[in-house]
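K.L.:
Test case, fold it:
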Amino acid sequence: MKNHIDYRTSLAAGIVILAALSYAYAWSGFYNIGADVPHSPLTYRFLTMARERSVERHAKDINVPNLEDPSLILKGAGQYAAMCTGCHLAPGMHDSEIRAGLYPQPPNLSQQHLDPREAFWTIKHGIKMSAMPAWGTTHDDMTIWSMVAFLQKLPAMTPEQYKDIVAKAPPDEDMDMGSDKSDMHDNMGH
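P.N.:
Predicted coordinates for the structure are as follows:
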């Protein structure tokens with residue numbers, strides 16, 4: 001019994017010491033957080049795992065609407081072209097000026113199939129400490145779902161098909177850019 005208690009005490013003390021050393025290292029400023037210097041492989045794997053598991057957990061109970069509605073897909077094409085291609089590219093794009101300086105590199109969504117619930121959650125809430133904004137602060141859920149609907153079709157598109165659908169997308173002034181939220185925000189004196 002005494003060995004069992006000693007083991008728990010030693011483990012707890014070790015965790016406290018490790019946490020204190022980690023905090024001291026972070027506080028010292030020695031860790032380079034510059035986006036042009038990659039994380040160590042261990043740090044990168046840990047942060048990737050934490051991000052993937054968090055998104056998966058928070059998105060698991062989201063109800064997905066019908067993403068096959070052509071008008072929803074068309075609206076999403078315009079949204080994607082206006083807000084996403086600089087980081088996530090489009091068919092035929094290989095890089096962009098902003099993407100080259102981002103770390104970690106955003107996924108090339110023209111080459112990836114995404115879980116709709118996870119895509120919705122990520123677009124709506126963003127990702128901390130990355131360049132992924134929380135579009136839910138300025139866009140309603142149906143606008144975000146339109147982007148998700150479009151993302152389901154994007155990987156199968158050729159550059160010509162992408163240009164064609166974007167050309168047919170509603171103009172920005174016809175898109176719901178969360179005007180109700182901004183009006184409410186303005187009415188609250190912010």
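
K.L.:
Flag the shaky bits of this structure, pLDDT-wise.
P.N.:
By pLDDT under 70, the weakly predicted segments of the chain are 1-5, 172-190.

K.L.:
Quickly list the domain ranges of it.
P.N.:
Domain segmentation of the chain under automatic domain parsing yields 1-31, 41-178.

K.L.:
Output those domains as a markdown table; include the columns mean neighbour count.
P.N.:
No exception for glycine: its C-beta is placed from N, CA and C like everyone else's. Output for the domains of the chain, formatted as a markdown table (neighbours: other Cβ atoms under 10 Å):
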| stretch | mean neighbour count |
| --- | --- |
| domain 1-31 | 9 |
| domain 41-178 | 16 |
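
K.L.:
quick one: the helices in this protein?
P.N.:
Using DSSP state H, the helices of the chain run over 2-28, 41-59, 70-83, 85-88, 97-100, 116-125, 141-153, 159-168, 179-187.

K.L.:
among the ones you listed, which is nearest residue 107?
P.N.:
Nearest of the helices of the chain to residue 107, taken as Cβ to Cβ: helix 85-88 at 6.6 Å.

K.L.:
With just CA atoms, put the closest one into PDB.
P.N.:
In PDB, the C-alpha atoms belonging to helix 85-88 read as follows (Å, rounded to 0.1, in the frame of the first residue of the first chain):
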ATOM      1  CA  THR A  85      -9.000  31.000 -52.200                       C
ATOM      2  CA  GLY A  86      -6.200  33.200 -50.900                       C
ATOM      3  CA  CYS A  87      -5.500  30.600 -48.200                       C
ATOM      4  CA  HIS A  88      -7.200  27.400 -49.400                       C
END
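
K.L.:
hang on, the earlier thing: out of the helices of the chain, nearest to residue 34?
P.N.:
Closest to residue 34 of the helices of the chain is helix 41-59 (Cβ to Cβ; 13.7 Å).

K.L.:
Need the contact partners of the closest one.
P.N.:
If you take Cβ atoms under 8 Å, 6 or more residues apart in numbering as the criterion, helix 41-59 is touched by 38-39, 104, 115, 117-118, 120-122, 125, 127.

K.L.:
That helix vs helix 116-125, what angle?
P.N.:
100 degrees (axes from the mean of the first three to the mean of the last three Cα atoms, to 10 degrees).

K.L.:
Tell me the gap between helix 41-59 and the middle of its chain.
P.N.:
From the chain centre to the centre of helix 41-59 is a distance of 12 Å (Cα atoms, centre = their mean, to the nearest Å).
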